[in-house]
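Trainee: have a look at this fold, sequence not included:
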């Protein structure tokens, strides 16, 4: 599948140096040629929207990285177009590390894993934090929404994925018709006087 001319190259000099050292340049090129894409397939959409969690990598304006776990009910990440997905930002600890990074540096990486199959999918692209009414209406309980324009989508070898048991859905995920319980950490004395005022 062809990619737009604005798509960044799959590999930079550091990656190429290691590919050359271990004689994997031809393999890396073939994998990107056959598997890399900038538009979601129907299978990608189904896989992403069935996940109840993913990992989000971001970096600040100076390139200092951060990685966070994002969770919700299956379908909390939605593929909105050929190369666009969106996910909600729920009430958290108020640090806004990931979303703050996105506002300073839009480059992100998302890693979706199915621990049963096993299977994983990477999505690298550019993100924006939005709070328009139409975006917020897509997700129950969202404070903000992150929209990601995918630049490179590719499946990743599942060889080292550990098999995990069935996962209990979190009672804290916003759902229509119910108010999530207060997280225990918000009851701790050292944060009682600095919690945000109810909105």
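Mentor: Everything's here; your move. As the structure is a prediction and not an experimental result, all values here were calculated from the model.
Trainee: now for the chain: which helix has the highest residue count?
Mentor: helix 25-35 (DSSP state H).
Trainee: just want the most central residue of this structure.
Mentor: Geometric centre of the chain, nearest residue: residue 110, 3.6 Å, by Cα atoms, centre = their mean.
Trainee: and residue 56, how far is that from residue 115?
Mentor: 17 Å (Cβ to Cβ, to the nearest Å). To be clear about C-beta, it is placed using only N, CA and C from the backbone, and glycine gets the same treatment.
Trainee: and these two? Which one has more around it.
Mentor: residue 56 (23 against 16; other Cβ atoms under 10 Å).
Trainee: and that one, that's in a helix?
Mentor: No. Judged by DSSP: H, G, I helix; E, B strand; the rest coil, residue 56 forms no part of a helix; its state is strand.
Trainee: that one touches residue 108, doesn't it?
Mentor: Yes. Counting by Cβ atoms under 8 Å, residue 56 does reach residue 108; the two are 6.4 Å apart.
Trainee: so which bits of the helix or strand of the chain with the lowest mean pLDDT are buried?
Mentor: Lowest by mean pLDDT, DSSP states H and E among the helices and strands of the chain is helix 189-192, with a mean of 80. Within helix 189-192, no residue counts as buried by 16 or more other Cβ atoms under 10 Å.
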